[in-house]
Every structure is written in C-alpha cells, then in structure tokens.
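**Student:** I'd like to go over a predicted model; first the sequence, then the structure.
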Amino acid sequence: MSIGIIGAGALGSNVARLLAKSGISATIANHRGPQSLANLVEQLGSSIKARTVEETAKADIVLVALRWVDLPKALGGLPAWSGRIVIDATNPVAFLDPNSVSGQRVLFYSGDDARAKAEVRKIIERTGHFPVDLGLLDVGAPLTSLPFGSLGSINFIKI
C-alpha cells in the first residue's frame, strides 16, 4: 500500500520522519511544491519522496496533516477519494521526545471501515506507538476533535 502525507508542517514532517525511521516508504506534499521539501527529504533518506498535493492524494493511504483553516484551499480541487483510506490528522498533536519518556505513545484512531482501520493500526504499530481503537467515527471523532474532544489535547503513554 502506498502512503501519502499532505502537509509538511510539524505533524506531517514528524510522521514522515517516523515512517522513514521505521523503513516505511511514503510521499509528502505541501502547498509550496516538491522543491520546497528538498531539505526535508534529503534528511529523511530515500524512502520519503516529495510530490505535488495532487500526486500525493492518489496514495492508497493519505494522511491529511493540515490546519483546519487550510483544508478547503488545500483539498478543495482534488477529485473524490474513491475508496482510499484517509487519516484525518488536522487536530494539533504534541510530539514527545522519545528519549525522555519510557513507554509507548498512545495514538487514537477510529473509522467506519474495518479494513482501513486494520491498515492504519499496522502503521501505528510499525512506528512503535500503541494503537487505541475508539470505534466508529461517530464515537471516536468527537472524542479526539478540538476544541471539545476530551482526548484531543492529552498525551497518553502506555507503560
């Protein structure tokens, strides 16, 4: 399965680093174009490639790591997702320094498609995190969405 990351800010670039460190290939894109990501992909090695947003959106699994206010502009011109797995990571996430915390960082996920959730769980596990399935989207999404989701701004560690 191909993986694409739309957004190369703190969240998108850290996910790209995590995938590269775990030996998982992916593409990454931002609104400024692939050339603006040359330094990042050079640091990450050959498993991460810079592409356009349109090319990256064609991946089998697409992580959307954008600010909420940027979603319409960034995704508005893209064709329908057509059955691809889309991971909505538009909520702010605080990354922890892995050298200063023992245990596994907990990552929550939810969805209505069991196959898609199984693929996302595999990626979470391969990156060394502890996956927690919050169930269907109508249950999990409100729990993790800011500003009112109770899990949206809390960092959990499985010890």
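**Tutor:** Perfect, I can see it now.
**Student:** count of neighbours near R126?
**Tutor:** 13 (other Cβ atoms under 10 Å). Where C-beta positions appear, they are placed from N, C-alpha and C, glycine not excepted.
**Student:** For S2, see how far away it is.
**Tutor:** For R126, the distance to S2 under the criterion Cβ to Cβ, to the nearest Å works out to 15 Å.
**Student:** List the neighbours of whatever helix or strand K73 lives in that are in contact with it.
**Tutor:** Following DSSP states H and E, the helix or strand that holds K73 is helix 71-75. The contact list for helix 71-75, computed with Cβ atoms under 8 Å, 6 or more residues apart in numbering, reads 6-7, 31, 53, 57, 64, 66, 90.
**Student:** Same check on stretch 101-119?
**Tutor:** Outside of stretch 101-119, the residues that reach it under the criterion Cβ under 8 Å, 6+ apart are 1, 61, 85, 87, 96, 98, 120-121, 124, 128-137, 139-141, 143-144, 151, 155-159.
**Student:** Only the buried members of the residues you listed: can you turn that into a PyMOL selection?
**Tutor:** Typed into PyMOL, the line below selects the buried ones among the contacts of stretch 101-119, using 16 or more other Cβ atoms under 10 Å:
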select buried, resi 61+85+87+120+124+130+131+132+134+140+141+144+151
